[in-house]
Structures are given as structure tokens and as C-alpha cells.
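Peer 1: Have a look at this prediction, sequence included:
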Amino acid sequence: MKISFIGLGAMGAGIVSRLIVAGHTLTGWNRTKEKAKSLINEGMKWANSPREAASESEVVFSTVTDAVALRNVALGPEGIIAGLSKNGIYLDMSTISPEESRAIAQEFQARGLTMLDAPISGSTITLVSGKASIMVGGAPEAFERVRQVLLDIGPKVTYIGSQGTAVQMKLAVNLVLMVEVIAFGEGIALAEKGGVRREVAVEAMLNSVAASPVLGYRGPFILEGNMPEVPLADVNLQQKDMLLVLEQGRKLGSPVPLAAAANEMMNACRGLGIDHRDFVTAHQVYRMLGGMPK
């Protein structure tokens, strides 16, 4: 299929590469063309605006940081909405609030256009290994039309329900992920304070029933020299999602005390000036609170 992709950060670039390998024709746009050079070398065509990119394709994806960035690329005279054909399908993979997702989708619907929310769960590591999962909300018939394209991105594709329910589910998933990673750091710090060497504690944890895919690739980051220079998700990005979870909890009257605790750990990371690291660095906060050296 002819596919366009808006937002060529680490995840977006990884998705484009998988779609090219799967045999699709790709057109892309990003705020900075520099990030697209390697993809252009792989065969992706460059577009000068989201509108131009959308006009080139049957299916259009976007993944950007937040709702403000999404409105900038999706709406307006140079946005996706201005270039998408009546038969085209637009899928947004960003993690934003369900309310914002529905509001933007309504703008597309008002013009007789189709938008789905289709957030991806995973990291660049799970994407490359072919283990990322995608959740989709919106018209079921539109979902069926793009199911195979989504399977070319990752092997697990789940239709969640009506518009906005997929991003609602993504926030729930990220809540669990966040609490799990922070609890890991808490547990490792406790073991260390009790005399267990960190590398032994990490190995034991990853061999235990508490192990999970996210701990499998993120847990070793806390070992000496293993913290990636370019984080999979830094503290500030991950905290953005927790703030969305807390707001959902408030709006829905659904208690999220563990999300609140996770958010406070991200505040502590920011206070210590380590918010540029992957959020698994919360482990260092626990060490410092426990009186251990950095």
C-alpha cells in the first residue's frame, strides 16, 4: 500500500523501516528533515508538509509527543486533514488523552474523513524484535481495512472499541508498566541495602516470577555503565503519561494511588537532575533515600 508517516522520531523511524521491508511505499514528514536522512536512503519519499504527505497515500500514520503537537500536524491548511482523501484512513499512534483524541477525530468526521486512534505499546527494542503491540479504537470497518498493515508493524493487534478507547487502554497499560519498573528499582535497592550485589539482585529478579518483558530489557540498564545515552523513554516523557493517567483518574472518579506514587518518583528524579535518563533511573532515587552512595 501507499503509506505516509508523520513524526520520524525513534519509534516513527522504526515503524517506517518495518513497513518498507514489508513492501509498502512510504512517504514521510518530520519537523526536521535531518532525522529522515537514513529513511530516505532506505527508499522513503520526503514530503514538505503533513498535507503533502497525506495526499500521497491511502493510509496515514502519525506519532508525536503530545496533543498540541498532534493538532499542529493533523489540523489546519497544511495538516493531514487537508490532504487525506475521502477513501483514506488516518491512524494516530500518539499517547494523548482520550478526550483530545476524540475531539481531533470529530474534526475529521465533520469533513467525511476517517481517523482511528492506534497507539503502539513497546519500545524501539520490542519494535525491532517484532514484538510491539498495537491497540485500535474507532470504526471497526476501517480497522479491518488496515489490519494487515498493522500486522506488518507488530504481531499483536487488538481492536479495543469506539473512538478514544485505544488511547484509554494505552494509558492503563503505561500505568502498569510504570509501576512495575519503579517497583523493580525499589526491590533492587532493598536487596542492595541488605548486602546483595546489584548485578546478582538484577539477575535473580529477572529469573524470578516477577520478571516481565519490560524488565527483561530495561532492568539491566541500572547496572554500571549500562544506562543508554539515548533513553527509550526519559523521565519527562514518561511523567507526561502519568499526568494523563492522574487526570483520567480525577475525571472518571477512578482511584490511581500507584500512579500518584510513580509520578512523585519522577518528581524526585527531576529534583536530582537525572530526568534526562531512562525512567528506570528511579532506582537511583531509592538508593539515595536509603543512604547508599550514588
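Peer 2: Looks like it came in fine. Numbers count the residues shown, from 1 in each chain.
Peer 1: CA atoms for contacts and neighbours, from now on please.
Peer 2: Noted.
Peer 1: downstream neighbour of the lowest-mean-pLDDT helix or strand in the chain in the secondary structure list?
Peer 2: Every helix and strand in the chain was compared by mean pLDDT, DSSP states H and E; the lowest is helix 124-128, with a mean of 93. In the C-terminal direction, the helix or strand that comes right after helix 124-128 (DSSP states H and E) is strand 133-137.
Peer 1: Can you list the neighbours in contact with that next one?
Peer 2: Applying CA atoms under 8 Å, 6 or more residues apart in numbering, the contact partners of strand 133-137 are 116-122, 143, 150, 154-167, 169-170.
Peer 1: How about stretch 66-80?
Peer 2: So stretch 66-80 is contacted by 6, 49-54, 63-64, 81-82, 94-97, 100-101, 104 (CA under 8 Å, 6+ apart).
Peer 1: So which of these are in strands?
Peer 2: I6 (DSSP state E).
Peer 1: Just the buried ones among the contacts of stretch 66-80, please.
Peer 2: 6, 49-54, 63-64, 81-82, 94-97, 100-101, 104 (16 or more other CA atoms under 10 Å).
Peer 1: burial count for the spatially closest residue to I274 that is not a sequence neighbour?
Peer 2: Distances taken as CA to CA, 6 or more residues apart in numbering place T281 nearest to I274, at 7.5 Å, with adjacent residues excluded. By other CA atoms under 10 Å, 24 other residues sit near T281.
Peer 1: Same check on the one 10 residues further on?
Peer 2: Other residues near G291 come to 10 when the count uses other CA under 10 Å.
Peer 1: give the contact list for V16.
Peer 2: Under the criterion of CA under 8 Å, 6+ apart, the contact list for V16 reads 5, 26, 39.
Peer 1: and it, what helix or strand is that in?
Peer 2: helix 10-21.
Peer 1: Go through that helix and flag the buried ones.
Peer 2: Residues of helix 10-21 classed as buried by neighbour count (16+ other CA under 10 Å): 11-20.
Peer 1: which one of these is nearest F108?
Peer 2: G12 (22.1 Å; CA to CA).
Peer 1: Reformat the buried residues of helix 10-21 as JSON lines; add pLDDT and distance to V59.
Peer 2: Below are the buried residues of helix 10-21 laid out as JSON lines (pLDDT from 0 to 100; distance: CA to CA, whole Å):
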{"residue": "M11", "pLDDT": "95", "distance to V59": "18"}
{"residue": "G12", "pLDDT": "96", "distance to V59": "15"}
{"residue": "A13", "pLDDT": "96", "distance to V59": "16"}
{"residue": "G14", "pLDDT": "96", "distance to V59": "17"}
{"residue": "I15", "pLDDT": "97", "distance to V59": "14"}
{"residue": "V16", "pLDDT": "97", "distance to V59": "13"}
{"residue": "S17", "pLDDT": "97", "distance to V59": "16"}
{"residue": "R18", "pLDDT": "97", "distance to V59": "15"}
{"residue": "L19", "pLDDT": "97", "distance to V59": "12"}
{"residue": "I20", "pLDDT": "97", "distance to V59": "14"}
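Peer 1: And the residues you listed, which is closest to F184?
Peer 2: M11 (24.6 Å).
Peer 1: So the closest residue in space to the closest one that isn't next to it in sequence versus L232, what's the distance?
Peer 2: Distance criterion CA to CA, 6+ apart; nearest residue to M11, sequence neighbours excluded, is T124 at 5.8 Å. According to CA to CA, to the nearest Å, T124 stands 7 Å off from L232.
Peer 1: And the strands in this protein, which stretches?
Peer 2: Under DSSP E, the chain gives strands at 2-6, 25-29, 45-46, 59-62, 89-92, 114-117, 120-121, 133-137, 156-161.
Peer 1: Need phi/psi at I274.
Peer 2: phi -110, psi 20 (degrees, to the nearest 10).
Peer 1: who's in contact with D278?
Peer 2: Residues near D278 by CA under 8 Å, 6+ apart: 227-228, 230-235.
Peer 1: Go again with 10 Å.
Peer 2: Applying CA atoms under 10 Å, 6 or more residues apart in numbering, one finds that D278 lies in contact with 218, 221-222, 227-238.
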